[in-house]
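Engineer: Sequence and computational prediction follow.
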Amino acid sequence: MFFGYPRSNGSVGVRNRIGIISLMDNCNGIARKITENVRGTDLVTDLFGRKMIGRNHEMRLKAIHGMAMNPNLAGIVLVSLHNTSTEAFAEPIAAAGKDVECVAFQDVGSTWRAVEKGIVAAAKMVRKHSSTQRSEQPLSKLIFGVECGGSDFSSGITGNPALGHAADLLMDAGGSVVLSETAEIMGAEHLLAERSVNKDVAAKIVQSIADMEEMSRMGGVEDIRETNPSADNIKGGLTTLAEKALGAVKKAGTKPLQGVVDYCEPVIPEPPGFYFMSTPAPACESMTGLAAGGSQIIGFNTGLGQPSSHPFSPTIKITGNPLAASRGFDDLDVDVSEIMSGNMTIEQGGQLIYDELLRVANGQYTYTELYGTGQSTIGVAGASF
């Protein structure tokens, strides 16, 4: 069990924050000023927000609504150019039982009046929800997203397997785990298909690869497989996409694959267990999907070092690389680099990560939370693969 914040829809937060969500790029500055002036708030900005159509428009809607509904956010302040856009988002959020307030620039006619309105709305919301108390909750309410970035030779043999063992421990206790980054499992998707609970799930994991390949071709990349491993991966000792993929899938442990969901689609763990979300590979975009899907905490393994984190889903930074551990002592929450020297087993490293996961679920801050360096990216679905 853990102690979390119960929400009216039955989900449970591990944080009790207020989200300041900009619905258009031209209002990012206003949303940022609101966040800077009210403690207990987290900023989500938009790369575009206007004149979007088709799949990109659909993905943006899902991303914004999904992040607004993440149980770590007790309430939402939406900031946009006009009432039409704020109301379109506010209505389903309010209908789902979550507090939401709107700030439309054209409604007040001034940047500083918009900032002032947003500050007052956010402050009232933070004050209201600050009285919410943590209560005992089953681990079946916990959804743990697993991520990696800056992968190197160590990732597939130390940090990722240790993170996978922590994932198994959580699933054994009744929780759920979500693996992402479609382009980075290419070459190992057959392993996930073999672990699928039925043929339909197996077909979906294979189809997610085909869909990503088609999207890359539409974006002008004939063979997405040639984009991996990336330059920093190669510098770190990875030689092929298959090698990278075999290490990447280890983050998710060994349990059966229960289901596959699209980018930013809600993960409804019925039953609890292992799920896959088809996301872009870059960390910010991938973690946006995980948070929009409902992940309250993200475990992030890095070999070379990677500063990304999510603003309101606490991101536990992990490494199994001794050099990264020595250089990134102020970035990393869990050091499992002694696996490399033989002084720690993968299972012992996984236990360290799992223990950290429970501490974070109960309220302990991660380093990136303390620094406030989290970033969430809303943009076009095919902007990065």
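Structural biologist: Perfect, I can see it now.
Engineer: and the gap between the most centrally placed residue in the chain and Val221?
Structural biologist: In the chain, the residue lying closest to the centroid (Cα atoms, centre = their mean) is Met287, at 2.7 Å. Separation of Met287 from Val221 (Cβ to Cβ, to the nearest Å): 22 Å. C-beta coordinates here come from the backbone N, C-alpha and C atoms, glycine included.
Engineer: Equivalent analysis for Lys62, please.
Structural biologist: For Lys62 relative to Val221 (Cβ to Cβ), the value is 23 Å.
Engineer: Kindly report the same for Gly374.
Structural biologist: With distances taken as Cβ to Cβ, Gly374 is found 29 Å from Val221.
Engineer: between the two, which one's more packed in?
Structural biologist: Applying other Cβ atoms under 10 Å to Gly374 and Val221 shows that Gly374 carries more neighbours, namely 22 against 15.
Engineer: ok, for Tyr62, nearest residue in space, not its chain neighbours?
Structural biologist: Not quite, residue 62 is Lys, not Tyr. Nearest non-adjacent residue to Lys62, counting by Cβ to Cβ, 6 or more residues apart in numbering: Cys264, 4.1 Å away.
Engineer: chain center to stretch 315-326, what's the gap?
Structural biologist: On the basis of Cα atoms, centre = their mean, to the nearest Å, stretch 315-326 sits 19 Å off its chain's mean C-alpha point.
Engineer: Let's see that stretch as CSV, backbone CA atoms only.
Structural biologist: Output of stretch 315-326 as CSV, limited to C-alpha atoms (Å, rounded to 0.1, in the frame of the first residue of the first chain):
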residue,chain,number,x,y,z
THR,A,315,10.5,11.3,-12.5
ILE,A,316,12.9,9.0,-10.7
LYS,A,317,16.3,9.2,-12.4
ILE,A,318,18.4,6.0,-12.4
THR,A,319,21.8,5.0,-13.8
GLY,A,320,23.8,1.8,-14.0
ASN,A,321,26.9,3.6,-15.4
PRO,A,322,29.6,4.3,-12.8
LEU,A,323,30.9,7.4,-14.7
ALA,A,324,27.4,8.8,-15.0
ALA,A,325,26.8,8.1,-11.3
SER,A,326,30.0,9.9,-10.2
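Engineer: before we move on, what SS does the residue nearest to the centre of the chain have?
Structural biologist: helix (DSSP: H, G, I helix; E, B strand; the rest coil).
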